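1. Just the structure for this:
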Amino acid sequence: MRHSKGFTLIEVLVAFLIFAIIGVISSQLLSQTIKSRESLADRGERLAQIHRAMQVLQRDFMQLTRRPIRDQYGDMQRPLIIGTDGAIEFTRVGWRNPLKGPRTEVQRVGYRWQDEALIRGYWHHADRAFDSEPSHQTLLEEVDRIEFYALDMNGNEHTFWPLPGATPDDPNFRLAGVMMRIEVAPFGAIERVWEVPGV
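-> Sure, this is the predicted structure:
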């Protein structure tokens, strides 16, 4: 009598075990691939957010002008001020007015770090009335730290500006640039320097 040839129970179990191992490995590889794609997408979106914020900062600093302003008390304020709280405020030109509203193209803007976010403020009139309040927009969230420094003509960094006792006509105390150091997740510290007209 002929014996029919086939798979034994052990051979079938071994085959199932091999397929199970291949399935687990494939599942892990697929899961890792999906996580990597999601991580790359998140980092790409975060990088795009930072890039958009830097574009706004770049635009403002490149259009900085020497025009001083009057504050709500009628006192003259320098074109650029860095306060002891680390906030920066300055005058810029090029404020577009497509609707031809009753305002100038000169704008007073300011930046500060608040609630772990970079906040941009701007006033609707350069010279302020007593009740003038700025409008605010959040440029970037999840900001660990931000600092602005004034750079004088000798390359020295100053955490506030103008310096006490400095006059606008003193060449040793003219502003040459503004430096910003910002720490954002997940990229860490970013440093930018903008050359500005002497103010």
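
2. My reading is that residue 17 lies in a strand. Confirm?
-> No. Residue 17 sits outside any strand when classified using DSSP: H, G, I helix; E, B strand; the rest coil, being helix.

3. Hmm, residue 80 and residue 65 touching each other?
-> No. Applying CB atoms under 8 Å as the test, residue 65 and residue 80 come out as separate, 9.6 Å apart. Quick note: C-beta positions are derived from backbone N, CA and C, even for glycine.

4. The two - which one has more neighbours?
-> residue 80 (24 against 18; other CB atoms under 10 Å).

5. Point out where this structure drops to low pLDDT.
-> 1-7, 96-103, 168, 172, 197-199 (pLDDT under 70).

6. quick one: the helices in it?
-> Applying DSSP state H to the chain gives helices spanning 9-62.

7. show me where it has strands.
-> 69-70, 76-77, 80-82, 88-92, 107-114, 117-123, 135-141, 143-152, 157-158, 175-184, 188-195 (DSSP state E).

8. closest one to residue 53 among the ones you listed?
-> strand 135-141 (4.1 Å; CB to CB).

9. Now that closest one: buried residues?
-> Using 16 or more other CB atoms under 10 Å as the test for burial, strand 135-141 gives 139-140.

10. list the helices and strands it packs on?
-> Where contact means 3 or more CB pairs under 8 Å, 6 or more residues apart in numbering; DSSP states H and E, strand 135-141 is packed against helix 9-62, strand 117-123.

11. Pull the residues that contact that strand.
-> Under the criterion CB atoms under 8 Å, 6 or more residues apart in numbering, residues 49-50, 52-53, 56-57, 111, 116-124, 184 lie in contact with strand 135-141.

12. now that strand and strand 143-152, what's the angle there?
-> 110 degrees (axes from the mean of the first three to the mean of the last three CA atoms, to 10 degrees).

13. shared neighbours of residue 65 and residue 80, anything?
-> In contact with both residue 65 and residue 80: residue 91, using CB under 8 Å, 6+ apart.
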